[in-house]
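A.B. asks: here is my input; please provide its structure:
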Amino acid sequence: MAEVFDFDRYKSKKEMKKTTHENLVYEIYLTTIKYVKKHGVFQPEHLGDHITTDTSLKVIFNEDEEIFNKTFHELIKYWEINLDAVQTSLFDNNFENFPTVGDLCVFIEKEINNARD
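C.D. replies: I've put the predicted structure just below:
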């Protein structure tokens, strides 16, 4: 049976590869925002708010860890990050481990840099 092709992922990845290594932080931020917006549960009073590195993930996902997990795993897949059992166990309290968008970005950057070394 044929594998399903994720054209949006391919297109995003192709666009992001155009940027240089120096822009890694910016790439991570853009992709994080893309997936957060894709799955976020935005309350009417927060619809016009900008998402920054200080934005609370607990608020964006309306305290729903299942939605956060979906977003997190899509980001891990996008960046091709391999998580071991110890790292995976850290995500039992997602909003404590990743209180803000910036914390999630820092984690992704750290894992990418570790994989490159």
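
A.B. asks: need the pLDDT of Val101.
C.D. replies: Predicted confidence (pLDDT) for Val101: 95.

A.B. asks: roughly how far does the nearest residue to it once chain neighbours are set aside sit from Asp92?
C.D. replies: Leaving aside its sequence neighbours, Val101 sits nearest to Thr55 (Cβ to Cβ, 6 or more residues apart in numbering; 4.9 Å). Glycine gets a C-beta too; all of them are placed from N, C-alpha and C. Here the distance between Thr55 and Asp92 works out to 22 Å (Cβ to Cβ, to the nearest Å).

A.B. asks: swap in Glu27?
C.D. replies: 28 Å.

A.B. asks: what is the burial count for the residue nearest to Val101?
C.D. replies: 19 (other Cβ atoms under 10 Å).

A.B. asks: what do you get for Ile60?
C.D. replies: Ile60, neighbours per other Cβ under 10 Å, totals 24.

A.B. asks: before we move on, what about Thr100?
C.D. replies: The burial count for Thr100: 18, using other Cβ under 10 Å.

A.B. asks: then stretch 32-46 to PDB, C-alphas only?
C.D. replies: Provided in PDB are the C-alpha atoms of stretch 32-46 (Å, rounded to 0.1, in the frame of the first residue of the first chain):
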ATOM      1  CA  THR A  32       6.500  26.300  16.200                       C
ATOM      2  CA  ILE A  33       4.000  29.200  15.500                       C
ATOM      3  CA  LYS A  34       2.700  27.400  12.500                       C
ATOM      4  CA  TYR A  35       1.800  24.200  14.400                       C
ATOM      5  CA  VAL A  36       0.600  26.100  17.500                       C
ATOM      6  CA  LYS A  37      -1.800  28.100  15.300                       C
ATOM      7  CA  LYS A  38      -2.900  24.900  13.500                       C
ATOM      8  CA  HIS A  39      -3.900  23.100  16.700                       C
ATOM      9  CA  GLY A  40      -4.500  26.000  19.200                       C
ATOM     10  CA  VAL A  41      -7.800  26.500  20.900                       C
ATOM     11  CA  PHE A  42      -8.200  30.300  20.700                       C
ATOM     12  CA  GLN A  43     -10.800  31.900  23.000                       C
ATOM     13  CA  PRO A  44     -12.700  34.800  21.500                       C
ATOM     14  CA  GLU A  45     -10.900  37.300  23.800                       C
ATOM     15  CA  HIS A  46      -7.500  36.100  22.600                       C
END
